[in-house]
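Visitor: Show me how the following folds:
(one chain, ligands or ions: 2)
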Amino acid sequence: MTARTHDIEKAAGVLRAGGLVAFPTETVYGLGANAEDPAAVARIFQVKGRPPSHPLIVHIGGAELLGDWVQDVPEAARVLAERFWPGPLTLVLRRGRRVPLEATGGLETVAVRVPDHPVALALLSAFGGGVTAPSANRFGSVSPTAADHVRAELGEAVDFVLDGGPCEVGVESTIVDVTGDVPSILRPGGVTREELETVLGCPLAVPSTSRVRVPGQHPSHYAPRARVVLVEPEEVVAEAELAQELGHQVGVFLPPSVADAPVKANAVVALPASMAAYARGLYGFLRELDEQGCDLIVASVPAEEGLGLAIANRLRRAAGPRPSSVPGLQER
Ligand code: TXA
Ligand code: MG
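Guide: Numbers count the residues shown, from 1 in each chain. Ligands and ions are numbered 1, 2, ... in the order given. This next block holds a predicted model:
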């Protein structure tokens, strides 16, 4: 544990004064502001370069506070909050009056979660209110899983960075919409679909990342500087070699199933067999290959079950077509 009581008090003061604090959660680092301060919330969008229509998550200190932030708590939300909070689950509910429209991108719903990290919980307790926070990276790029990632990417734009060490889960929270008759998964994440289905006792719909083409929402997200190419696991080695022959600086995500194959590439990440370890390392691996100067990353998606579903989702989006209108993505 690196952040001390003094740091927590200081961070809470920054939030009270309308400033921005980057803080650790179990999933990724968040870029936090007082959820009830529209000017502070507006600064988050400015610093991230994120369109103001893109809603944020309100972080609260405990499940018992949920009623303060939403209009009503449906039974499914109560059950999920009780079972998974604190934890990597975000619930979308009907917006309570306390939540300004700036935080929800103008929506009448609000996303809420209780993070499972001692530093985040200490901050929420010292601050006393809700902290609205997206991942602490520039819009469209790779989420930070260590305080150094935040400092490198946002630097002086953040008023204070709380260091809580590396994130345990490594991919963002699972977002579940509980406003309708049947709960649905909006984004796969740290709580698996299987766990949710066991607790709710019913199957859940999951969006198909590869085919979603919502107008105004770019498929490319969670993307490193290098282009990401996805192939079958048994094609990774040959694809990397071909790309290298074509003159690319190639990085490889080497699946455990072909770990023994000799691979010709500029940088190789030997993937862990455990999906929890893969999720924990995913964003760091992408950053590492960027830092090693790769312009192309060859990878394959894992089986889409358990945490593999969230990993596959992030890889597909990292590999998605890149818009020229996203600032920073093309020119970096
Ligand atoms: O693990 C996480 O969820 C991290 C940590 C910091 O808590 N946060 C995070 O925030 O990933 P962000 O802003 O990068 O992603 C939030 C997602 C966005 O895709 C947004 O569209 C969705 O939550 N979201 C927020 N409010 C919503 C709402 N009212 N309805 C539907 N989706 C919503
Ligand atoms: Mg994000």
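Visitor: Which residues of the stretch 51-200 of the chain lie near ligand 1?
Guide: 54-57, 88, 90, 92, 104, 107, 109-111, 115, 133-135, 172-173, 175, 186-187 (Cβ under 6 Å from any ligand atom). Where C-beta positions appear, they are placed from N, C-alpha and C, glycine not excepted.
Visitor: Quick one: buried ones out of those?
Guide: 55-57, 88, 90, 92, 104, 109-111, 115, 133-135, 172-173, 175, 186-187 (16 or more other Cβ atoms under 10 Å).
Visitor: picking that back up, out of the residues of the stretch 51-200 of the chain next to ligand 1, which are inside helices?
Guide: Counting by DSSP state H, the members of these that fall within helices are Thr104.
Visitor: Look up how far Leu154 lies from the spatially most central residue of the chain.
Guide: Nearest to the geometric centre of the chain sits Glu172, at 3.3 Å (Cα atoms, centre = their mean). Distance, Glu172 to Leu154, by Cβ to Cβ, to the nearest Å: 17 Å.
Visitor: Same question for Glu64.
Guide: Where Leu154 is concerned, Glu64 sits at a distance of 32 Å (Cβ to Cβ).
Visitor: Equivalent analysis for Asp181, please.
Guide: If you go by Cβ to Cβ, the gap between Asp181 and Leu154 works out to 40 Å.
Visitor: Looking at those two, which one has more neighbours?
Guide: Leu154 (20 against 7; other Cβ atoms under 10 Å).
Visitor: So which bits of the helix or strand containing the more buried one are buried?
Guide: According to DSSP states H and E, Leu154 maps onto helix 147-154. For helix 147-154, burial by neighbour count (16+ other Cβ under 10 Å) applies to Ala147, His149, Val150, Arg151, Glu153, Leu154.
Visitor: same check, this time on stretch 194-201
Guide: So for stretch 194-201, counting by 16+ other Cβ under 10 Å, buried means Glu195, Leu196, Leu200.
Visitor: Which stretches in this protein count as helices?
Guide: So, for the chain - with DSSP H - the helices run 5-16, 38-48, 75-84, 101-104, 118-127, 147-154, 193-200, 236-245, 275-291, 308-318.
Visitor: Check the offset of the first one from the chain's centre.
Guide: Averaged C-alpha coordinates place helix 5-16 at 24 Å from its chain's average position (Cα atoms, centre = their mean, to the nearest Å).
Visitor: Counting by contacts, list what it packs against.
Guide: strand 21-23, strand 30-34, helix 118-127, strand 160-161 (3 or more Cβ pairs under 8 Å, 6 or more residues apart in numbering; DSSP states H and E).
Visitor: CA atoms only for stretch 99-117 - export them in PDB, please.
Guide: In PDB, the C-alpha atoms belonging to stretch 99-117 read as follows (Å, rounded to 0.1, in the frame of the first residue of the first chain):
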ATOM      1  CA  VAL A  99     -26.800  13.300 -10.200                       C
ATOM      2  CA  PRO A 100     -26.300  16.200 -12.600                       C
ATOM      3  CA  LEU A 101     -27.000  15.500 -16.300                       C
ATOM      4  CA  GLU A 102     -23.300  16.500 -17.000                       C
ATOM      5  CA  ALA A 103     -22.300  13.200 -15.400                       C
ATOM      6  CA  THR A 104     -24.800  11.000 -17.400                       C
ATOM      7  CA  GLY A 105     -24.200  12.600 -20.800                       C
ATOM      8  CA  GLY A 106     -27.800  13.900 -20.600                       C
ATOM      9  CA  LEU A 107     -29.300  10.400 -19.900                       C
ATOM     10  CA  GLU A 108     -32.100   9.800 -17.400                       C
ATOM     11  CA  THR A 109     -30.200   6.700 -16.200                       C
ATOM     12  CA  VAL A 110     -27.000   6.600 -14.100                       C
ATOM     13  CA  ALA A 111     -24.200   4.000 -13.800                       C
ATOM     14  CA  VAL A 112     -23.100   3.300 -10.200                       C
ATOM     15  CA  ARG A 113     -20.600   1.100  -8.600                       C
ATOM     16  CA  VAL A 114     -18.700   0.400  -5.300                       C
ATOM     17  CA  PRO A 115     -15.100  -0.300  -6.100                       C
ATOM     18  CA  ASP A 116     -13.200  -3.000  -4.200                       C
ATOM     19  CA  HIS A 117     -10.000  -1.300  -3.400                       C
END
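Visitor: Number the chain from 21, please
Guide: Renumbered: residue one is now 21, and that last one reads stretch 119-137.
Visitor: How far does it sit from its chain's centre?
Guide: On Cα atoms, centre = their mean, the centre of stretch 119-137 falls 15 Å from the chain's centre.
Visitor: Repeat that for stretch 306-313.
Guide: Worked out by Cα atoms, centre = their mean, stretch 306-313 lies 19 Å from the chain centre.
Visitor: Stretch 213-232 now?
Guide: 18 Å.
Visitor: got a list of contacts for it?
Guide: 96, 99-100, 103-104, 109, 194, 196, 202-208, 239, 325-326, 329, 332-333, 336-337 (Cβ atoms under 8 Å, 6 or more residues apart in numbering).
Visitor: any idea how far Glu29 lies from ligand 1?
Guide: 21 Å (Cβ to the nearest ligand atom, to the nearest Å).
Visitor: My error: substitute Ala281 in the last question.
Guide: Ala281 is 34 Å from ligand 1, by Cβ to the nearest ligand atom.
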